[in-house]
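Colleague: quick one: sequence and predicted model below, then my questions.
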Amino acid sequence: MAGAVANAGRQDQDEAELGVIDLRAATPATSKARVVVVDGRRFMRISLLGSQHGTTLSEADCAVVEAGIRTARDQGLPIIGHLSAAGVDVAEGLAPSVGWSRIAKEMVKSSGIIPMLLVADGPVLSGPSFLLGLADVVVFTSQAYSYLSGPRMVRDFTGTDISGEELGGAGAHQRSSGLAAAVVETAEEGEEYLLDVLSYLPNNVDELAAPIPTDDPFDRPTPEAGELLPETATGSYDVRHVVESIADDGEFTELRAQWAPNIVTGFASMGGQVVGVVANQTQSMAGSIDIAASQKGARFVGFCDAFNIPLLTMVDTSGFLPGKDLEWRGMIRHGAQLAFAYARATVPRIGLILRKSYGGAYIVMDSVNIGNDIMLAWPTAEVAVMGAKGAVEILHRGASEEEKAEHVAEYEGTYLTPYPAAERGSITAVIEPAVTRFEVISALQMLASKRERLRPRRHDNQPL
């Protein structure tokens, strides 16, 4: 993991030596908001914990956390929060619901201004569960669970019997909903994971992420990166190993590893510079892009762009996953999310085509045409509208099998190389895998002064 992280379970007396500041300490609530310093990193730690009638939230609990988020935003401090709330205390009437909605408003105001990282530890149910959806990164402990409508309501309305664990347990949110970036055993481990994520992030939108010290030479050769590609064009490999081969000290912190595994997102550093990595994963669905992958990639690209983190996109995909169900569920609309996120990103954007880059997927994986700054490619790169066999079936459908085989070989030799795209300016340079680390770090250094003037407008209208 990048940087040293403290044991998140430090006792209060240990933190007192580091200058803990409690907000609204006299408020009669279990929830807390305090400014702490861990390993020299100052942040706001909030604890939204139910204190009434079976861990439900009171108005006082909500008021403390609301004040904490507002203060963090005003002071430019990141937030690490702990949530465990089985809804609101109905004995107080509407007041607690108003309270958590005001927390939600503060989180929306803080979005893109300060990082908001949360640990779900225990039940986070009903309305307060929306707070997890508003955070930047959420970690679940193994005993945590969260849902809007519980098993009983699901059974009454749909006739389906389902357990709370199956409906909204940590595993369900890690694999199916994408809400959990990771699952850990304890809240202390959850904060440790978030401290590692925070080591890649600036305190707020007005700062840059601090350089991460490394002794890894910037010009270290990386021939092993290219050796990871299989000999056959249809063979799969773990793209995370490619990332690790070029990253400082081989370290890569992945987010949402089990959700939409056909695309990989996470943080690394290269030459001490923090980068956000988006990569197609050929081990899952051959790296093709579906709805979940587009959402996952778009969310991460937007996160990096909000906090001034350069992007490295590693491409190896044959296109969007076909299917009636996907089209009916809005593949066009959701696929546009990834294109939208890249097109509006203003941070330095570097691309690297490892192997396949076909059709619409070539465009949305941060192509030069959509605003990429530097697009590199290995000699193994194939940049085309589609694969050779598909193209020949369209262009020469009446030919014999022998003729088709000849056309496939001709198509592969002419179009399935990176050089035609380089001639058209769609690829900046064709590089050998052994110099990938050096070229990426050089590109980061060159783009360090990149600035874009944003057109004044109220806000954009992102496809959702």
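Modeller: Great, that's in hand.

Colleague: drop to CA atoms for contacts and neighbour counts, all remaining ones
Modeller: Noted.

Colleague: what ranges do the helices span in the stretch 301-450 of the chain?
Modeller: 324-328, 331-344, 359-364, 388-395, 401-414, 419-423, 436-446 (DSSP state H, counting those that start in this stretch).

Colleague: how many neighbouring residues does Asp219 have?
Modeller: Residues lying near Asp219 (other C-alpha atoms under 10 Å) number 15.

Colleague: what do you get for Arg453?
Modeller: Neighbour tally, Arg453, other C-alpha under 10 Å: 6.

Colleague: cool, and Ala399?
Modeller: Neighbours of Ala399 under the rule other C-alpha under 10 Å: 13.

Colleague: ok, the most centrally placed residue in the chain - contacts?
Modeller: Closest to where the C-alpha atoms of the chain average out (C-alpha atoms, centre = their mean) is Phe300, at 3.4 Å. Contact partners of Phe300, counting by C-alpha atoms under 8 Å, 6 or more residues apart in numbering, are Thr265.

Colleague: picking up where we left off before, can the helices of the stretch 301-450 of the chain go into JSON lines with extra columns for mean pLDDT?
Modeller: Putting the helices of the stretch 301-450 of the chain into JSON lines (pLDDT from 0 to 100) gives the following:
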{"stretch": "helix 324-328", "mean pLDDT": "95"}
{"stretch": "helix 331-344", "mean pLDDT": "96"}
{"stretch": "helix 359-364", "mean pLDDT": "89"}
{"stretch": "helix 388-395", "mean pLDDT": "71"}
{"stretch": "helix 401-414", "mean pLDDT": "74"}
{"stretch": "helix 419-423", "mean pLDDT": "88"}
{"stretch": "helix 436-446", "mean pLDDT": "98"}
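
Colleague: run through the protein and note the low-pLDDT ranges.
Modeller: 1-19, 26, 28, 51-54, 88-92, 95, 388-389, 392, 407 (pLDDT under 70).

Colleague: outline the domain layout of it.
Modeller: Per automatic domain parsing, the structural domains of the chain span 12-198, 223-381+417-446.

Colleague: of all the ones you listed, which lies closest to Asp216?
Modeller: Across the domains of the chain, Asp216 has its closest neighbour in domain 223-381+417-446 (5.8 Å, C-alpha to C-alpha).

Colleague: could you check how far the closest one is from the centre of its chain?
Modeller: Centroid separation for domain 223-381+417-446 versus its chain: 13 Å, with C-alpha atoms, centre = their mean, to the nearest Å.

Colleague: can you tell me the distance between the two ends of that domain?
Modeller: Taking C-alpha to C-alpha, to the nearest Å as the measure, domain 223-381+417-446 stretches 23 Å from start to finish.

Colleague: can you say which of the domains of the chain is nearest to Glu403?
Modeller: That would be, of the domains of the chain and by C-alpha to C-alpha, domain 223-381+417-446, which comes in at 21.5 Å.

Colleague: distance to Glu406 for the domains of the chain - can I get that in TSV?
Modeller: Below are the domains of the chain laid out as TSV (distance: least, C-alpha to C-alpha, whole Å):
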stretch	distance to Glu406
domain 12-198	44
domain 223-381+417-446	17
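
Colleague: of all the helices of the stretch 301-450 of the chain, which one is nearest Thr317?
Modeller: Using C-alpha to C-alpha, the nearest of the helices of the stretch 301-450 of the chain to Thr317 is helix 359-364, at 7.0 Å.

Colleague: Met270: how many residues sit nearby?
Modeller: 25.

Colleague: shouldn't it be in contact with Asp248?
Modeller: Yes. Judged on C-alpha atoms under 8 Å, Met270 makes contact with Asp248 at a distance of 5.2 Å.

Colleague: give the helix, strand or coil label for Gly112.
Modeller: coil (DSSP: H, G, I helix; E, B strand; the rest coil).

Colleague: find the nearest non-adjacent residue to it, please.
Modeller: Leaving aside its sequence neighbours, Gly112 sits nearest to Ala306 (C-alpha to C-alpha, 6 or more residues apart in numbering; 5.2 Å).

Colleague: which residues in the stretch 151-300 of the chain form strands?
Modeller: Taking DSSP state E, counting those that start in this stretch, the strands of the stretch 151-300 of the chain run over residues 182-184, 253-255, 263-270, 273-280.

Colleague: state the distance from Glu227 to Gln143.
Modeller: In terms of C-alpha to C-alpha, Glu227 sits 41 Å off from Gln143.

Colleague: if you could redo that for Leu48, that was the one I meant.
Modeller: To Gln143, Leu48 is 17 Å away according to C-alpha to C-alpha.

Colleague: which one of those two is surrounded by more residues?
Modeller: Neighbour count, other C-alpha under 10 Å: between Leu48 and Gln143, Leu48 has more, with 26 against 18.

Colleague: which SSE is that one in?
Modeller: strand 41-49 (DSSP states H and E).

Colleague: contacts for that strand, please.
Modeller: 30-37, 55-57, 61-62, 65, 68-69, 72, 77-85.

Colleague: need phi/psi at the residue lying farthest from the centre of the chain.
Modeller: Here the chain reaches farthest from its C-alpha mean at Ser400, the gap being 47.4 Å by C-alpha atoms, centre = their mean. Backbone torsions for Ser400, taken as degrees, to the nearest 10, come to phi -70, psi 170.
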